[in-house]
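S.K.: here is my input; please provide its structure:
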Amino acid sequence: MDEEEVFLLLEGYLRERGFTETLKSLEKESGRHFKEKEGHQLVLKTGQLQEILDDFAHKRRMETEKSLSVDHLFEDGDGSYAGLLWSSLDYLTEGHNVLVVRLIETGALAVGGSKAMLVSTSIPLPLSLTTPPRSVVSQTHKVCKGAVLCIDFHPTKRNLVLCGSMDRTAFILNLFKKEEEEEEQEGGVMVQSFTDHTKYVVRALWSRTGQYFITASYDKTACLYNLQGDLYHKKKVFQFKDPVEAVAVSKLSDVFVVGIRNDNLLHIIDMTLDDPVEVRLINMNAVGDDYVSFNPMHISFSPSERHLLISTDKDRLILYDWLSGKLVTNLYGATNDEFSQPRHCWHPNGQYVYGTSQDKSIVVWELRSQRIVSKLTGHEGIVRDLHYCNELDLLVSCGFDGAVKLWINKRKMEE
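M.R.: The predicted model follows:
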């Protein structure tokens, strides 16, 4: 569709609706003067713009249904999601803001606080749904000089955690003693630290095997590290035009996805190449233009890795098809803005998504219908991070109220 046709469609729509002042503004700013012309080669019928938009919306819905049905996401949700507050651990960081939380199948829980602290504890196993933990023994690790912003457990060596801090460092910590280790070996031992960034380290993630890990920073770089012998060494630094906000790592292949501020593209990098490079770009704009209308604040793969989900700073989450890069659907209902740090996570069955909202709630969407099925309330401050432990079937959240909360599946309580 050429520019002339676009303007004529707009003119017709504005005339039909009686928006005369808006039409005058359009004429003034565009330098065009819209007048009725007999015999004009483009004859517009009443409601043509609306018809075009309705047709586009219908095609988009059909594409959404086709894409979602491939992954069984188009099936109705079965009502099995974390919707009930099970336990609240309120004093792990002495009341200070909790910025990040991770829970693994062993019950090991790690949280990062705003006061330069990493706190570790364990949830008693097996879980007792009727007697949740009210308090736990925890250990505080003073391993950096700034707030801990990101945590990731090693995929196989579960006693190791990779962290990034506001003090510009990334580090690997032996957080929990393994049974086969010597008795004198204590948890909280620094294994290796890295000082390659010049600003906050906002992301730190292991590759699927732990052979590599990636860190990302507001210094506009992402660093890739490779295990050589017993230590990790920097393999490559990737320079971007603006601060890095989000990174996602595939669990099916050795690629990672990078989201940048003020950039409409997602950058996909193969970490196994001798000289790792971008192997693909995804344009986040549905029409394929270069306009930047939002920032990708958090990126994750769906459980099947057929889709990418992005939390934005514009009150919506966006789902993309991983193979085609096409926009599949939007999720609305969370309240977030350009000053927020939204986070999300998937339910293991791929039918539900949990997302943070500035109103201190956790929004639960059913993906098939894109409707909100629940809003989890209980935090007294903004929710800063979410994580779902698939093996324990627990949702864990943390926030500016200094609390870590554990949420369970309602259906489990009914059984």
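S.K.: helix, strand or coil for residue 53?
M.R.: Following DSSP: H, G, I helix; E, B strand; the rest coil, we place residue 53 in the helix state.
S.K.: which residues does the closest residue to residue 357 other than its chain neighbours contact?
M.R.: Once flanking residues are discounted, residue 357 sits nearest to residue 334: 4.0 Å by Cβ to Cβ, 6 or more residues apart in numbering. The C-beta positions use only the backbone N, C-alpha and C, and glycine is treated the same way. For residue 334, the contact set (Cβ atoms under 8 Å, 6 or more residues apart in numbering) comprises 315, 316, 317, 342, 355, 356, 357, 358, 363.
S.K.: switch the cut-off to 6 Å
M.R.: 355, 357, 363 (Cβ atoms under 6 Å, 6 or more residues apart in numbering).
S.K.: tell me the phi and psi of the second one?
M.R.: Phi and psi for residue 357, reported as degrees, to the nearest 10, are phi -140, psi 150.
S.K.: hang on, it packs against residue 333?
M.R.: No: contact between residue 357 and residue 333 fails when scored by Cβ atoms under 6 Å: they sit 7.9 Å apart.
S.K.: shared neighbours of those two, anything?
M.R.: With Cβ under 6 Å, 6+ apart as the test, residue 357 and residue 333 both reach residue 363.
S.K.: picking that back up, is the residue nearest to residue 357 in a helix, a strand, or coil?
M.R.: Criterion first, three-state DSSP; result for residue 334: coil.
S.K.: show me what contacts residue 219?
M.R.: Contacts of residue 219 (Cβ under 6 Å, 6+ apart): 197, 198, 199.
S.K.: okay, now the domains of this structure?
M.R.: 3-69, 77-414 (automatic domain parsing).
S.K.: which one of those domains has the lowest average pLDDT?
M.R.: Comparing mean pLDDT across those, the weakest is domain 3-69, with a mean of 72.
S.K.: count of neighbours near the residue lying closest to residue 122 once chain neighbours are set aside?
M.R.: Nearest residue to residue 122 in three dimensions, chain neighbours excluded: residue 107, at 4.7 Å (Cβ to Cβ, 6+ apart). As a burial measure, residue 107 scores 19 neighbours (other Cβ atoms under 10 Å).
S.K.: ditto for residue 191
M.R.: Neighbour number of residue 191 under other Cβ under 10 Å is 17.
S.K.: ok, and the closest non-adjacent residue to it?
M.R.: In space, residue 191 is closest to residue 172, 4.3 Å off (Cβ to Cβ, 6+ apart).
S.K.: same question for residue 212.
M.R.: Closest to residue 212 by Cβ to Cβ, 6+ apart is residue 271, at 4.9 Å.
S.K.: next, the contact list for that neighbour, please.
M.R.: Contacts of residue 271 by Cβ under 6 Å, 6+ apart are 212, 224, 254.
S.K.: in strands, which of the residues you listed appear?
M.R.: 212, 224 (DSSP state E).
S.K.: off-centre distance for stretch 19-35?
M.R.: Relative to its parent chain, stretch 19-35 has a centroid offset of 42 Å by Cα atoms, centre = their mean, to the nearest Å.
S.K.: who does the residue nearest the centre of the chain bridge with?
M.R.: Central residue of the chain (Cα atoms, centre = their mean): residue 298, 2.8 Å from the mean position. Legend: beta-bridge partners of residue 298 under DSSP bridges are residue 311.
S.K.: distance check, it against residue 246.
M.R.: Applying Cβ to Cβ, to the nearest Å, the value for residue 298 to residue 246 is 5 Å.
S.K.: can I get the buried part of the contacts of residue 219 as one ChimeraX selection?
M.R.: In ChimeraX syntax, the buried subset of the contacts of residue 219 is picked out as below (16 or more other Cβ atoms under 10 Å):
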select :197
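S.K.: mind putting the contacts of residue 219 into CSV with secondary structure and distance to residue 94?
M.R.: Shown next, in CSV, are those (DSSP: H, G, I helix; E, B strand; the rest coil; distance: Cβ to Cβ, whole Å):
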residue, secondary structure, distance to residue 94
197, coil, 28
198, coil, 30
199, coil, 27
